[in-house]
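J.: Sequence below, structure please.
(one chain, ligands or ions: 1)
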Amino acid sequence: MTRTIGVSLKMYFGHQRTLDWCADVAEIARRHPAVRGGGAELFVLPSFPGLPPALDLFRDTPVEVGAQDLFWEDHGAYTGEVSGAELRELGCRHVEVGHAERRRLFGEDDRVVAAKTAAALRNGLIPVLCLGEERAGSTTDAVRTCLEQLDSALAAARAADRVGAVVIAYEPQWAIGAAEPADPEFIGAVCGELRNALDAEPVLAGSRVIYGGSAGPGLLSTLGDAADGLFLGRFAHDPAALERILDEVVALDGVSA
Ligand SMILES: O=C(CO)COP(=O)(O)O
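T.: Sure thing, here's the model as predicted:
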């Protein structure tokens, strides 16, 4: 199976460090068997100014580049915003929508998330749709929250008849920025239910369910096939850590082959 491995650099790095990190990851991607053999699909989300140089640095690799946010309109008097149309024109493939930090710090609510998801799909971008419960609780509660968020996030795209493949990043909010990820069994149970929901809808064919929230080396091996991959933050800042995760993809492929 192909594993989807995404990295959001959030606002951690300055410009030069972003370029150095992308150059190191491009070098790993050019030679790593997980990427060369198609076992891992890698996408990277730098800050907006990092997009054009990152697209250049990854040009001769299969690594996809995307943005951490977009505006819900495509053109106009929206000072400071960046449209999905421009991201697509640049060559972006993915765009993140609904991250817990945007909800908490920038007041993005379900309506905004739905409008941005529709804008992504309308512009041919794959939304990396972040879903997750605020507080740790039962898997039943987590699944219910995620399914409600998924339904609400897709509402505007459905109304416009523009639903397509998405990457769902299941990110329990309480596990973001923590020392450890959520319990692998818990992750597997929630991702499994999200997978069932996606499989029930042919318009969502090709969608992926990946896990984020203090994910790092070692987690993928434990999860096995319970998730389609990982959405990484801090624990991918060292390119060597990302390489170890790609090594895990190779080992898992060996196991399931
Ligand atoms: O929010 C995340 C990815 O977007 C996860 O971040 P951390 O892995 O740093 O907790």
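J.: What segments of the stretch 1-150 of the chain are strands?
T.: Using DSSP state E, counting those that start in this stretch, the strands of the stretch 1-150 of the chain run over residues 3-8, 40-45, 64-67, 94-97, 126-131.
J.: Which one of these lies nearest to the ligand?
T.: For the ligand, the closest of the strands of the stretch 1-150 of the chain is strand 3-8, at 3.9 Å, according to Cβ to the nearest ligand atom. No exception for glycine: its C-beta is placed from N, CA and C like everyone else's.
J.: elements contacting that closest one?
T.: strand 40-45, strand 167-170, strand 208-212, strand 229-232, helix 239-256 (3 or more Cβ pairs under 8 Å, 6 or more residues apart in numbering; DSSP states H and E).
J.: Where does the chain get nearest to the ligand, residue-wise?
T.: residue 233 (2.3 Å).
J.: List the contacts of that residue.
T.: For residue 233, the residues meeting the contact criterion (Cβ atoms under 8 Å, 6 or more residues apart in numbering) are 7, 8, 10, 176, 177, 212, 214, 215.
J.: Mind giving me the ChimeraX command for buried ones among these?
T.: Restricted to buried positions by 16 or more other Cβ atoms under 10 Å, the ChimeraX selection for these reads:
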select :7,8,10,176,212,214,215
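J.: how about the contacts of residue 233, which pair is most distant?
T.: Maximum pairwise distance among the contacts of residue 233 (Cβ to Cβ): 15.3 Å, between 7 and 177.
J.: Flag every residue of the stretch 1-150 of the chain that's near the ligand.
T.: Within the stretch 1-150 of the chain, the positions near the ligand by Cβ under 6 Å from any ligand atom are 8, 99.
J.: ok now do the residue nearest to residue 150 when sequence neighbours are not counted, which residues does it touch?
T.: Closest residue to residue 150 apart from its sequence neighbours, by Cβ to Cβ, 6 or more residues apart in numbering: residue 131 at 5.9 Å. Applying Cβ under 8 Å, 6+ apart to residue 131 gives the contacts 98, 145, 146, 149, 150, 153, 168, 169, 170, 171, 194.
J.: per-residue confidence at residue 131?
T.: pLDDT recorded at residue 131 is 98.
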